[in-house]
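[1] Have a look; sequence and predicted model below, questions after that.
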Amino acid sequence: MAIGKKSFFQKLKEGLANTREGMVGRIESVVTGRKEFDEDMLEELEEALILSDIDMDTTEKIIRELRQDISRLSIKTADKLMQQIQNIVAYFLTTENGNELLEDLPLVILMVGVNGTGKTTSMAKIAHRLQQEGKTVMFAAADTFRAAAAEQLEIWGERVGVPVIRHGEGADPSAVIYDACQSAKARGIDVLICDTAGRLQTKRNLMNELGKMSKVIDREYPEASRETLLVLDAATGKNAISQAEQFNEAAEITGIVLTKLDGTAKGGIAITLTDRFNIPVKFVGVGEGMEDLQEFNPDDFAEALFAGSVGSERTES
Ligand SMILES: Nc1nc2c(ncn2[C@@H]2O[C@H](COP(=O)(O)OP(=O)(O)O)[C@@H](O)[C@H]2O)c(=O)[nH]1
Ligand SMILES: [Mg+2]
């Protein structure tokens, strides 16, 4: 294992510590010391999963899968069973679409999500990552609802060395996007990342606003590939599901950024989100530092989650 990989994995493990204690701890206490992996155990496991922010529907699918695997693979030991649950979790975290950002440049990313989930700071972290890959980035301050929002973005822009296109408070967000598209094209910017307001409006309102911005990009920058990233705060647990429902109806979400996994035991929500919406998680936030937004990988995530449990192979702390 390369050093870079190890520190990345360590950080992910640390970020998932509370979820591991909660979710994996619960699973482990059902599994260990069992003589038989029978229906009673599956029922207890079902409860354990539901308590871990995995919804009923996804839980039932996981249990069904596990029931089959126990007989198909003749699983007889707790460590084999834990390993298989980890495999199933990784499988449920996988969608048909890739977890990486689109490679085709230029790229325009629209950041959406309710206030406080981490849109603006995640933009800075994504920009930092793209710059390390040698790409040029620009920000559009299309959260024009509060003056503070554009100011905050400007501070981040200065910090990471990214130009920011902004208008005054209360300006039309689509006008900001329009200017940003022109400017990004003129300067040959690789990735334009657009902040948006996170007010929880009515669905119609949200749809109109996001729809308008999207149309401006389509019209002004048709050659650009597009991502719409929904930022969700993992600590809000089931609330994140209803947010995803609303935004998914209002816009074509291409990826999820799941923030604040550090300090919450509700990380299991990632499993429900990918299963329910079939939208890939593209990044996870495991801290407030610049390097604490990681690219998401289902296998690494499941492995970090189950690290140190009876079935895991990588047990170093
Ligand atoms: N601990 C932690 N804090 C985060 C993470 N992502 C964002 N935050 C914090 O969440 C707060 C709100 O973030 P902000 O980007 O302003 O949210 P916005 O309203 O959606 O733009 C800030 O204090 C961030 O530092 C994360 O992954 N972990
Ligand atoms: Mg913001």
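    Good, I have the coordinates. Ligands and ions are numbered 1, 2, ... in the order given.
[2] show me where the protein has strands.
    107-112, 137-142, 164-165, 191-196, 225-233, 255-259, 281-285, 293-295 (DSSP state E).
[3] What's the local residue count around whatever residue of the chain ends up closest to ligand 1?
    Nearest residue of the chain to ligand 1, counting by Cβ to the nearest ligand atom: Gly285, 2.3 Å away. All C-beta spots, glycine's among them, are computed from the backbone N, C-alpha and C. Residues contacting Gly285 under the criterion other Cβ atoms under 10 Å number 25.
[4] quick one, what contacts the residue in the chain that ligand 2 sits nearest to?
    Minimum separation of the chain from ligand 2 (Cβ to the ion) falls at Thr120, amounting to 3.3 Å. Neighbouring residues of Thr120 by Cβ atoms under 8 Å, 6 or more residues apart in numbering: 111, 143, 149, 152-153, 156, 195.
[5] Highest neighbour count among those?
    Asp195 (28 neighbours).
[6] residues in contact with that residue?
    Counting by Cβ under 8 Å, 6+ apart, Asp195 touches 111, 119-120, 123, 139-143, 149, 153.
[7] Return only those of the residues you listed found close to ligand 1.
    119-120 (Cβ under 6 Å from any ligand atom).
[8] returning to what we had before: can you pull the contacts of the residue of the chain closest to ligand 1?
    So Gly285 contacts 118, 122, 125, 234, 257-262, 292-294 (Cβ under 8 Å, 6+ apart).
[9] Distance of it relative to Phe92?
    As judged by Cβ to Cβ, to the nearest Å, Gly285 and Phe92 stand 21 Å apart.
[10] Kindly report the same for Arg226.
    27 Å.
[11] Please convert the contacts of Gly285 to TSV, extending it with pLDDT and distance to ligand 2.
    As requested, the contacts of Gly285 are exported to TSV (pLDDT from 0 to 100; distance: Cβ to the ion, whole Å):
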residue	pLDDT	distance to ligand 2
Gly118	96	8
Ser122	97	9
Lys125	97	13
Ala234	97	17
Val257	98	13
Leu258	98	17
Thr259	98	12
Lys260	98	14
Leu261	97	19
Asp262	96	19
Asp292	94	17
Leu293	97	15
Gln294	97	20
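[12] Just the closest of those to Lys135, please.
    Lys125 (14.1 Å; Cβ to Cβ).
[13] returning to that earlier point: show me which pair in the contacts of Gly285 is furthest apart.
    Among the contacts of Gly285, Lys125 and Ala234 lie farthest apart (Cβ to Cβ), at 15.3 Å.
[14] Compare neighbour counts for these two and give me the winner.
    Between Lys125 and Ala234, Ala234 has the larger neighbour count (other Cβ under 10 Å), namely 29 against 24.
[15] Show the contacting residues for that one.
    Applying Cβ under 8 Å, 6+ apart, the residues contacting Ala234 are 240, 258-261, 264, 266-267, 269-270, 285.
[16] The same query, at a cut-off of 6 Å, please.
    258, 260-261, 264, 266-267, 269 (Cβ atoms under 6 Å, 6 or more residues apart in numbering).
[17] Narrow those to those in helices?
    Per DSSP state H, helices hold the following members of the contacts of Ala234: Ile269.
[18] Tabulate the contacts of Ala234 in JSON lines, adding columns for neighbour count and distance to ligand 1.
    Supplementary listing: the contacts of Ala234 in JSON lines, determined by neighbours: other Cβ atoms under 10 Å; distance: Cβ to the nearest ligand atom, whole Å:
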{"residue": "Leu258", "neighbour count": "27", "distance to ligand 1": "8"}
{"residue": "Lys260", "neighbour count": "22", "distance to ligand 1": "4"}
{"residue": "Leu261", "neighbour count": "29", "distance to ligand 1": "7"}
{"residue": "Thr264", "neighbour count": "21", "distance to ligand 1": "9"}
{"residue": "Lys266", "neighbour count": "22", "distance to ligand 1": "13"}
{"residue": "Gly267", "neighbour count": "29", "distance to ligand 1": "11"}
{"residue": "Ile269", "neighbour count": "27", "distance to ligand 1": "14"}
